[in-house]
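In: Sharing a model prediction with you, sequence too.
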Amino acid sequence: MHSEMTVPGFETRLAKVQDVWRDNRCLKSSSIAQYLWWIRRFHRYCIAQALDGDDQLTQAGVHLFAQWYARQRQIDAEDICQQAKSALRAWALGLRTLGVRVPDWQPAKNRTPEPEPELQGFAEHLRQHRGNPEATIKKKLAHIRCFLAFIAARHRPLRHLKLTDIDAFLVDYSQRHARTTTADIGSSLRVYVRFLLVTGQVSADLAPSIITPVVRRYEQPLRALPWDDVRRILAAIDRSSPIGLRDYALLLLMSTYGLGAGEVIRLTLDDIDWQAATLRVVRPKTGVAFVLPLLPALAQALADYLKHGRPRRAPSRHVFLSMRAPHYPLSESSAIRHILIGHARKAGVTAAYLGSHVLRHTHACRQVEQEISPKVLSDILGHRSPESLSAYVRIATERLRQLPLPVPE
């Protein structure tokens, strides 16, 4: 009853899934051996409990198995659960890649839930009348939720809203957040109280009287690296591994074109036109697409990664993926930041701040120093006006050294 051959084709499945793992370059031989150990025990468990092994391949189902196994062996369930989940999630991914219908590992979550009834009208106003992208709407709704919670604690009905309530909220907020963040939430409040006025929920226009910290545009120079440091970081990446091939192609793209994290993580295989030697990039906020020439060095880096690094049987057509099963696309700028910080540390490059936009600012600074056309640079960086380049002039120190002021006698 407990034989692995009880279910016909189990060993065949096992061999095919191992081929998927090897094709995806995601597991070492030692890890595969450990995973097989857990899969066989899970298989025996399902037979003993008269369960369908495929239906049990969910986070909840595997958790029940781990608890059962821990009770049988009288051992701690926490470590067992983590090991079993890693193995059986990889098993589920392999089966799905082979065309086997298995349930979702976790119940599907609505990543963009509908706002509360009292904020639905405001969200639609931002979308339809102000043309805000979804990311901006999400941020402004979060600001207003904080504000509504604050006035609810003061037992102030919205229809009786006073300017003193708004001032008290902003003072309280400023004590826990940066000046720029306080100014940003103040901007959201102005939009919100205008919406309340237009919809008849308040009788007075409080928006002009909302006072927030003054934040001058580009009052602090943008953070950038010397170009030699960028070259050191790229040279320090070990391109003998799949992860190294991915990281090199990703950081080379960002430093060469000045792309932001949001643009890089959205690239798909369909955006690369090998015959025309072009790369299609989509702005994350506006959805506007533009085309860049695929330079030879970048084409080679991408080709090396796609041939020898990227998982061959990944479930996504995004270019840059997590190298761990189930190989989801990189989805957050924080992932890019961790990649940059890791390789900068190996290269011995230190900086006060290494965020995902550092390479973008460094690229812009270098182009300014090389006297590239402001219009061309604005188009590449996605700025609406060439005047935005003034921020990069402030960090183009080599260029500024050529413009000395006369020394008074």
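Out: Now that the structure is in, tell me what you want to look at.
In: Could you verify that Arg312 is part of a strand?
Out: No - counting by DSSP: H, G, I helix; E, B strand; the rest coil, Arg312 falls outside a strand, being coil.
In: neighbours around it, how many?
Out: Residues within reach of Arg312, counting by other C-beta atoms under 10 Å, total 12. Glycine gets a C-beta too; all of them are placed from N, C-alpha and C.
In: That one is in contact with Asp23, isn't it?
Out: Yes - proximity of Arg312 to Asp23 meets the contact threshold set by C-beta atoms under 8 Å, at 4.3 Å.
In: so His361 touches Ala224, yeah?
Out: Yes - here His361 reaches Ala224: they are 4.2 Å apart, a contact under C-beta under 8 Å.
In: So between these two, which is more surrounded?
Out: More neighbours surround Ala224 than the other of His361 and Ala224, with 24 against 20 (other C-beta under 10 Å).
In: Show me where the stretch 101-250 of the chain dips below the pLDDT cut-off.
Out: Within the stretch 101-250 of the chain, the ranges that satisfy pLDDT under 70 run 108-113, 215-223.
In: same thing but at 90, please
Out: 104-120, 127-138, 154-160, 173-183, 202-207, 209-230 (pLDDT under 90).
In: Now do the strands for the chain: every range, in order, please.
Out: Secondary structure of the chain by DSSP state E: the strands cover 272-273, 278-282, 289-293.
In: Ala77 is nearest to which of these?
Out: The closest of those to Ala77 is strand 278-282. By C-beta to C-beta, the value is 45.2 Å.
In: If you count contacts, what does the closest one end up packed against?
Out: strand 272-273, strand 289-293 (3 or more C-beta pairs under 8 Å, 6 or more residues apart in numbering; DSSP states H and E).
In: Looking at the strands of the chain, which one is packed in the most?
Out: Mean neighbours per residue, mean count of other C-beta atoms under 10 Å, is largest over the strands of the chain for strand 278-282, with a mean of 18.
In: Residues touching that one, excluding its own?
Out: Strand 278-282 is contacted from outside by 257, 259, 263, 266-267, 270-273, 288-294, 298, using C-beta atoms under 8 Å, 6 or more residues apart in numbering.
In: at 7 Å instead, please
Out: 259, 263, 266, 271-272, 289-294 (C-beta atoms under 7 Å, 6 or more residues apart in numbering).
In: now that strand, how far from the chain's geometric center?
Out: From the chain centre to the centre of strand 278-282 is a distance of 19 Å (C-alpha atoms, centre = their mean, to the nearest Å).
In: Put the alpha carbons of that strand into PDB.
Out: Coordinates of the C-alpha atoms in strand 278-282 are reproduced here as PDB (Å, rounded to 0.1, in the frame of the first residue of the first chain):
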ATOM      1  CA  THR A 278      15.800  47.600 -30.700                       C
ATOM      2  CA  LEU A 279      14.400  47.500 -27.200                       C
ATOM      3  CA  ARG A 280      10.800  48.600 -26.400                       C
ATOM      4  CA  VAL A 281      10.400  50.200 -22.900                       C
ATOM      5  CA  VAL A 282       7.200  51.200 -21.200                       C
END
